[in-house]
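Participant: next comes the sequence, and after it the predicted model I'd like to discuss.
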Protein chains: 2
Amino acid sequence: MAYTPFTAQTLPARLAGVAAVTDRLGHDPAGWQVREVGDGNLNLVFIVASPLETLVVKQALPYVRLVGESWPLPLNRSFFEYNALTRHARRDPGRVPEVYHFDEEQALVVMRYLHPHVILRKSIVSGVVHPALAGHMGVFLARSLFRGSNLSMPADQAKADMALFAGNGALADITENLVFSDPYFEAKLNRHTPGLEPWVARLRADRDMKVAAQELKHAFVSKAETLVHGDLHSGSIMATDTDTQVIDPEFAIYGPFGFDIGMLLGNFLLAYFAQSGHEETPGARDGYRRWLLAVIVETWDSFSAEFRHLWRTERTGILYQHSLFDADPLGAEQALQSVMAGIWRDTLGFAGVEMHRRILGLAHVEDLEAIPDPARRIIAERRALALGRQLAVMRGTFKTTAQVCALAEHIEIGDLS
Amino acid sequence: MAYTPFTAQTLPARLAGVAAVTDRLGHDPAGWQVREVGDGNLNLVFIVASPLETLVVKQALPYVRLVGESWPLPLNRSFFEYNALTRHARRDPGRVPEVYHFDEEQALVVMRYLHPHVILRKSIVSGVVHPALAGHMGVFLARSLFRGSNLSMPADQAKADMALFAGNGALADITENLVFSDPYFEAKLNRHTPGLEPWVARLRADRDMKVAAQELKHAFVSKAETLVHGDLHSGSIMATDTDTQVIDPEFAIYGPFGFDIGMLLGNFLLAYFAQSGHEETPGARDGYRRWLLAVIVETWDSFSAEFRHLWRTERTGILYQHSLFDADPLGAEQALQSVMAGIWRDTLGFAGVEMHRRILGLAHVEDLEAIPDPARRIIAERRALALGRQLAVMRGTFKTTAQVCALAEHIEIGDLS
């Protein structure tokens, strides 16, 4: 059967023939409840429930859902999502939803229904704390990035995976344009909050910022260091009090170590500046702001600790190979320090451009969009633009997450922008 | 017909059915003279002459010729050589031999016979000057590297080419091991001049050098910036007084801008230090030494001038895209300065490791091997090791080729090592 986008009505008939589904839902598709719940930018997402169990079915559409059929997008992104999910499951077991079935022709993945998980971004808008979040994400970043790289993989497998994911160029193309370039000139798909114009104009006239954004694009396009998730923001994370799940890796490609970390920290910083737009009285969310900054610090710290651990215990790849440092373990530590410094610098740069594109580009974030008072939204946005600029341009000068958080607080409290 | 390695006896029958050959050589294969002349490390090379014209036929062997059948190597490197040759021909017309015919199944390329060209390395050993060399090579490097990158190519073509050449991993694997790792530990295939042991031991105990070599390997493996020739030493160049031809790009992959430039400059510097082993009386080759250093300066200068010219006139790719700098041409110049600084730094590092591996690894160079007196060979080799170390470890601190040449002269005259 040729590719057909399913509906809540047509999907059960298709799934009724899939053993991995009927093993879980039973053999009475007429009794299944199906809801289409996709609220992302690209795909159909169905929740399929029987009296026995509930599943999620994600199907790619041949165009960008956010924009419409005028922007075609290849269905094979589903293939890359499936391949990324299975690799993530191996590299950090339990941190991504289990895949039960993949149908390449229908660009369709059947996977575990996450319950009672909520999309992290919605939690953050509501001011809900997730105590396990930062530790889980730091370790996931370290394991997925280290184990997907030439620090760990056999050289032939790493080369085969690089060549495989090189086929996901249409998705990389979206990132290249929407993250690194469009925000910095009058691109057609851009939009921003009315009233923000003076700050937009200043940023687009900022030579150092434009050069920095292009240097970061250069790194994103050329630095095939590891398999990155490619879209790791707070809308790609589902969480409970005790669990964290990373979803939606359809943008997976080989890219820089710092890309996922930077995008995630950038979204946490956007969330930080958005809080003032959501608090009922000034200061009401002070504690939540402190928690968000602590999440930034702890995410990096746990990433760093786990990455260093893997460096010392699982460095079986062709880079910084063990045979060279057998007699000089301090040499391996010296190399680690240099590698971590590069990841840190890239991380800050990617965080900075992510903060900009969510305010100036096509795809915005609910953290800011949901601020009801436009005047308060503008305040949050110009502060975020200001910090993003400092992170990107000055990425070589920050030493610690504490310095980043201190600057964020200084911008927030002093209303600098 | 399945792949068969040809001999001088069996080749004419095969070529007799190829119009691109008989158009040039005529239709009497019995009257063709065939000689196998391959003296490289990997392939069969035939010169096929008829009374009308002479052609070169290069056929890949399924193993490394230098080592034997114990080291298998995929025949498809011929496919990548063909694809690189045709791209180089478009990007810098006239600088690579014209391809007349490619037979993928036989891993065989029929191309122009270069006459009266000589292999540059042989010229250099004999002390022959090629006045056009540096200018030609600088421009070739700029055009091939710029036009093969995302600075110039349409994004979809660049992605397709990156994915295509990602298939040439078996050849990249050789470089990864032989250039970046084997020289720095007791790898099985290593060899060096007897008597050089104290300097070899010192280098292998040099923590900063080992870390630098691995940082450079990291860059080689991960930085897919442009289509590099991949093996651009003086044995891959054929020259006359007025012409220069770049041959043998079977190692072509997407790699760092600085790789080809660094390997070439590293070979010029090896040639510089080798001169003292070839001169009949001390100082007899002073003029030639000066010429070699001038070649280094002029190669970089002409590369740099042409790269800057292309940046200003042909920057049609997705990196540092024109639309961002329309209103700020100085911004584009700022970005150019940053890009050139990165290329320069990588260039020096790659030059340094290339100098080491040609003395400590598997594949040596005739410049040094042909020095009849082992004592003088050791002098040349330890000086080259010393400069290579400084270039690799201190690659962030040199500003100009003049500084590099001055240090080479200082090591040569002061006998520092």
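Facilitator: Yep, it's here.

Participant: tell me how many other residues surround residue A:204.
Facilitator: The burial count assigned to residue A:204 is 17, neighbours taken as other Cβ atoms under 10 Å in any protein chain shown. The way it works is simple: take the backbone N, C-alpha and C, and place the C-beta from them, glycine included.

Participant: and the residue nearest to it when sequence neighbours are not counted, what pLDDT?
Facilitator: Nearest non-adjacent residue to residue A:204, counting by Cβ to Cβ, 6 or more residues apart in numbering or on different chains: residue A:184, 5.8 Å away. Residue A:184 is assigned 97 on the pLDDT scale.

Participant: from the centre of chain A, point out the most distant residue.
Facilitator: residue A:327 (39.2 Å; Cα atoms, centre = their mean).

Participant: C-terminal to the helix or strand harbouring residue A:202, what's the next element?
Facilitator: For residue A:202, the element it lies in under DSSP states H and E is helix A:197-204. Once the chain leaves helix A:197-204, the next helix or strand it forms, by DSSP H and E, is helix A:207-222.

Participant: touching chain B at all, that following helix?
Facilitator: Yes. Under the criterion of Cβ under 8 Å from any Cβ of the partner chain, chain B is reached by helix A:207-222 at A:207-208, A:210-211, A:213-215, A:217-218, A:221-222.

Participant: sorry, back to before: so the residue nearest to residue A:204 sits right up against residue B:325, yeah?
Facilitator: No. If you go by Cβ atoms under 8 Å, residue A:184 and residue B:325 don't touch, sitting 9.8 Å apart.

Participant: is the host helix or strand of residue A:266 positioned near chain B?
Facilitator: For residue A:266, the enclosing helix or strand under DSSP H and E is helix A:258-278. No. Using Cβ under 8 Å from any Cβ, helix A:258-278 stays clear of chain B, coming no nearer than 12.3 Å.

Participant: ok and that helix relative to helix A:207-222, angle-wise?
Facilitator: Between helix A:258-278 and helix A:207-222, the angle comes out at 130 degrees (axes from the mean of the first three to the mean of the last three Cα atoms, to 10 degrees).

Participant: quick one, the helix or strand that helix A:258-278 is followed by and helix A:258-278 angle?
Facilitator: Using DSSP H and E, the helix or strand that follows helix A:258-278 in sequence is helix A:286-313. Interaxial angle, helix A:286-313 versus helix A:258-278 (the same axes, to 10 degrees): 170 degrees.

Participant: helix A:286-313 - contacts with which helices or strands?
Facilitator: Contacting helix A:286-313 under the criterion 3 or more Cβ pairs under 8 Å, 6 or more residues apart in numbering or on different chains; DSSP states H and E are the following elements: helix A:133-147, helix A:258-278, helix A:329-360, helix A:401-414.

Participant: point out the most buried one among those.
Facilitator: helix A:258-278 (a mean of 27; mean count of other Cβ atoms under 10 Å in any protein chain shown).

Participant: helices or strands up against it?
Facilitator: Counting by 3+ Cβ pairs under 8 Å, 6+ apart, helix A:258-278 packs on helix A:120-126, helix A:133-147, helix A:286-313, helix A:329-360, helix A:366-369, helix A:374-393, helix A:401-414.

Participant: residues in the stretch 101-250 of chain A within reach of chain B, list them.
Facilitator: Counting by Cβ under 8 Å from any Cβ, the stretch 101-250 of chain A sits next to chain B at A:150, A:155-156, A:159-160, A:162-163, A:166-167, A:169, A:172-173, A:176-177, A:181, A:184-185, A:205, A:207-208, A:210-211, A:213-215, A:217-218, A:221-225.

Participant: other residues contacting the helix or strand where residue A:157 lies?
Facilitator: For residue A:157, the host element (DSSP H and E) is helix A:155-165. With Cβ atoms under 8 Å, 6 or more residues apart in numbering or on different chains as the test, helix A:155-165 has contacts from A:80, A:83, A:87, A:148-150, A:153, A:224, A:227, A:252-254, A:317-318, B:163, B:166-167, B:169, B:172-173, B:176.

Participant: stretch A:379-391 now?
Facilitator: With Cβ under 8 Å, 6+ apart, stretch A:379-391 has contacts from A:192-193, A:196, A:199-200, A:203, A:206, A:209, A:266, A:269-270, A:273-277, A:348-349, A:351-356, A:359-360, A:368, A:371, A:398, A:404, A:407-408, A:411-412, A:415-417.

Participant: what about residue A:94, neighbour count?
Facilitator: By other Cβ under 10 Å, neighbour count at residue A:94 equals 11.

Participant: I should have written residue A:116 there, sorry.
Facilitator: Neighbour tally, residue A:116, other Cβ under 10 Å: 8.

Participant: got it, and residue A:316?
Facilitator: Other residues close to residue A:316 by other Cβ under 10 Å number 12.

Participant: returning to that earlier point: angle of the helix holding residue A:157 against helix B:155-165?
Facilitator: Using the same axes, to 10 degrees: helix A:155-165 against helix B:155-165 is 150 degrees.

Participant: and stretch A:390-398, how far apart are its ends?
Facilitator: 10 Å (Cα to Cα, to the nearest Å).

Participant: how far is it from where the chain is centred?
Facilitator: Once both centres are worked out by Cα atoms, centre = their mean, to the nearest Å, stretch A:390-398 turns out to sit 21 Å from its chain's centre.

Participant: and it, what's buried?
Facilitator: Going by neighbour count (16 or more other Cβ atoms under 10 Å in any protein chain shown), the buried part of stretch A:390-398 is A:390-393, A:395, A:398.

Participant: pLDDT on that stretch, on average?
Facilitator: Stretch A:390-398 comes out at a mean pLDDT of 98.
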